[in-house]
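Visitor: Compute the structure for the input listed below.
(one chain, ligands or ions: 1)
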Amino acid sequence: MRLYIVGFGPGGTEYMTMEARHAIEDSDVVVGYTVYVDLLREYFQEKKFYTTPMKKEKERCQWAIDTAVSGKRVALVCSGDSGVYGMAGLVLELLEEEGQKLEIYVVAGVTAACSGGAVLGAPLNHDFAVISLSDLLTPWELIEKRLECAAMGDFCICLYNPSSRKRQDYLQRACKIVERYKSENTVCGYVKNIGREQQEKKILTLSQLKSEQVDMFTTVFIGNSQTIQKGEWMVTPRGYQL
Ligand code: SAH
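Guide: From the prediction side, this is the model:
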């Protein structure tokens, strides 16, 4: 009757917290989205795995709950942090409906904003907003409003889900909104495949970012008015006098 909801960080086990590792080791079965479970399989070879495809999140969470209720120890795994566009919320929502008494542990992980930020340097070293450009579950008008407010407030902005096959121009649309409040020379960056093979990073200006094609395995960083590029690093100063 134990369910761990585990964020395992951006890639392989070296990015995992000890708590996440212990949770997986303590489980009888590990369940997650096929692509993520494949990342873990080689490290936990003796475990049983159960995978479900993308867009089957509700089924996956319900399966995890039901299996835990049946007496097994279950680890439901998500990349990054389990509570940042992860499964922790959905599991807890489903539980409320059912009123089951399970032992639940939400295990934090290193979210892409932090792991990608470290690859670029220190882009989020001041106030920042994290916004997902996916309109699968959020109306696009609300995403636009949040982009606008974050840009107006001179926040650094970290964008998740910046693109997909069906949403190829969303980053461009986001940049056009942000440009109303931020200079076209604002320092920006992105990291693709953080902590995985073929990790790639790039630092560029907001106007260059607008015409850049990125994929869904990318996290995008838009600086604030103080953000600088220093050599190969993207840095948002905290304000210390040098
Ligand atoms: N729970 C995850 C986020 C899931 S939403 C977390 O906390 O990191 C999926 C989005 O996260 C992707 O579209 C991408 O923008 C970002 N992301 C997650 N893992 C990534 C990785 N390894 N490299 C680059 N971006 C990543």
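Visitor: Which residues of this structure lie near the ligand?
Guide: 10-11, 78-81, 84-86, 111-112, 116, 160-162, 191, 193-196, 216-219 (Cβ under 6 Å from any ligand atom). Using the backbone N, CA and C atoms, a C-beta is placed for each residue, glycine as well.
Visitor: Filter those residues down to the buried ones and hand me the PyMOL line.
Guide: Only the buried entries of these go into this PyMOL selection, using 16 or more other Cβ atoms under 10 Å:
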select buried, resi 10+11+78+79+80+81+84+85+86+111+112+116+160+161+162+191+193+194+195+217+218+219
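Visitor: Bridge partners for the residue in the chain that the ligand sits nearest to, pull those for me.
Guide: Closest to the ligand within the chain is Gly80: 1.9 Å, counting by Cβ to the nearest ligand atom. Applying DSSP bridges to Gly80 gives these bridge partners: Gly9.
Visitor: so what's Ile194 up against?
Guide: 10-11, 112, 115-116, 119, 219 (Cβ atoms under 8 Å, 6 or more residues apart in numbering).
Visitor: now the residue nearest to Tyr105 when sequence neighbours are not counted, what's its secondary structure?
Guide: Leaving aside its chain neighbours, Tyr105 sits nearest to Tyr4 (4.8 Å; criterion: Cβ to Cβ, 6 or more residues apart in numbering). Taken by DSSP: H, G, I helix; E, B strand; the rest coil, the conformation at Tyr4 corresponds to strand.
Visitor: per-residue pLDDT, Tyr4?
Guide: The per-residue pLDDT reported for Tyr4 equals 98.
Visitor: hey, what's it bridged with?
Guide: Beta-bridge partners, per DSSP bridges, of Tyr4: Ala75, Tyr105.
Visitor: Can you report how many residues lie near it?
Guide: Number of residues near Tyr4 (other Cβ atoms under 10 Å) recorded here: 25.
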